[in-house]
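[1] The following comprises the amino acid sequence and a computationally predicted model.
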Amino acid sequence: MALVIGLTGGIASGKSTVSNMLKEMDISIIDADVESRLAVEKGEPAYLKIIAEFGKEILLEDEEIDRQKLGSIIFHHSERRKLLNDIVHPEVRRRMNKQIEVAKLNKEKVIVLDIPLLFESKLTNMVDKTILVYVDNETQLQRLIERNNLTTVDAEARIRSQMPLSEKVKLADEVIDNNGSVMDTKKQLIDILNRWGINQK
Ligand SMILES: CC(C)(COP(=O)(O)OP(=O)(O)OC[C@H]1O[C@@H](n2cnc3c(N)ncnc32)[C@H](O)[C@@H]1O)[C@@H](O)C(=O)NCCC(=O)NCCS
Ligand SMILES: Nc1ncnc2c1ncn2[C@@H]1O[C@H](COP(=O)(O)OP(=O)(O)OP(=O)(O)O)[C@@H](O)[C@H]1O
């Protein structure tokens, strides 16, 4: 039986940083952001639905979706965000379930699902245990602005479109505090894995 772990957090809270550590330990990762990008590639069913709802103005010259443009719409308008979520999320769930089946066939003992919206989308039934990567508001805002080169207004809109990390802390089985150094974070991760009896390579 595989143990399925849900790794979550907020935007720019450090999920990829933690999932890269897990990858280095040879633990199998399924990334919702990667699956959601694949689900909206040119010609996919979700791509066609997005154009039907948002119009051809959200396409780039090569007809792929202009993610920056779509982001600037949905992070500032909750009803447009819900519309996009209703199109993309079922596809992401389907793709992740398929990947879980493959990982189980490969006899993976531990499977980690990296899902930013695990709690918002009520996907906890897909996982046995949850780990939250936490940072305080100021660190999250600064790291997001720097990584994505966003204005404060745009970064705040993205953060506000998610459940506050202070709420997510209450729902998670384990919390990693990622305000400190990357080494600090790795120590906390190893502690959790040891407590759960997961061997690391
Ligand atoms: C809006 C889009 C085009 C922006 O693309 P962009 O390349 O700029 O960002 P990327 O996809 O890498 O997402 C970055 C982060 O934004 C946050 N985020 C993305 N979509 C959402 C959303 N609908 N609601 C809240 N937060 C979101 C997540 O924390 C995610 O990790 C894209 O995020 C998208 O299609 N979102 C809808 C699907 C979705 O919910 N994906 C996230 C998890 S499945
Ligand atoms: N402990 C840390 N110290 C300093 N910088 C960090 C730390 N952890 C992460 N970062 C930086 O913060 C940014 C966000 O981290 P990361 O990309 O891992 O977050 P994420 O939760 O995967 O984000 P998203 O879901 O938005 O893609 C990155 O630029 C990363 O290099």
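    Yep, that arrived. Ligands and ions are numbered 1, 2, ... in the order given.

[2] So residue 30 belongs to a strand, correct?
    Yes. The assignment for residue 30 by DSSP: H, G, I helix; E, B strand; the rest coil puts it in a strand.

[3] ok, it to residue 99 distance?
    In this view, residue 30 and residue 99 are 5 Å apart by C-beta to C-beta, to the nearest Å. Using the backbone N, CA and C atoms, a C-beta is placed for each residue, glycine as well.

[4] higher neighbour count, the two?
    residue 30 (23 against 18; other C-beta atoms under 10 Å).

[5] Could you tell me which residues of the protein lie near ligand 1?
    By C-beta under 6 Å from any ligand atom, the part of the chain that sits against ligand 1 consists of 11, 32-33, 36, 40, 67, 70-71, 74, 81, 84-85, 88, 92, 116-117, 161-162.

[6] Drop anything exposed from the residues you listed.
    11, 32, 36, 40, 70-71, 74, 84-85, 88, 92, 116-117, 161-162 (16 or more other C-beta atoms under 10 Å).

[7] Need the max-distance pair from these.
    Distances among those were taken as C-beta to C-beta; the most separated pair is 40 and 162, at 19.3 Å.

[8] So which residues of this protein form helices?
    Secondary structure of the chain, counting by DSSP state H: helices at 15-24, 32-39, 45-54, 67-74, 78-105, 137-148, 152-160, 165-171, 182-195.

[9] Can you lay out the ones you listed as JSON lines showing mean pLDDT?
    JSON lines is the format used below for those (pLDDT from 0 to 100):
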{"stretch": "helix 15-24", "mean pLDDT": "98"}
{"stretch": "helix 32-39", "mean pLDDT": "98"}
{"stretch": "helix 45-54", "mean pLDDT": "98"}
{"stretch": "helix 67-74", "mean pLDDT": "96"}
{"stretch": "helix 78-105", "mean pLDDT": "97"}
{"stretch": "helix 137-148", "mean pLDDT": "98"}
{"stretch": "helix 152-160", "mean pLDDT": "97"}
{"stretch": "helix 165-171", "mean pLDDT": "98"}
{"stretch": "helix 182-195", "mean pLDDT": "98"}
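
[10] In a markdown table, list those along with distance to residue 111.
    As requested, these are exported to a markdown table (distance: least, C-beta to C-beta, whole Å):
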| stretch | distance to residue 111 |
| --- | --- |
| helix 15-24 | 10 |
| helix 32-39 | 13 |
| helix 45-54 | 24 |
| helix 67-74 | 27 |
| helix 78-105 | 5 |
| helix 137-148 | 27 |
| helix 152-160 | 28 |
| helix 165-171 | 20 |
| helix 182-195 | 14 |
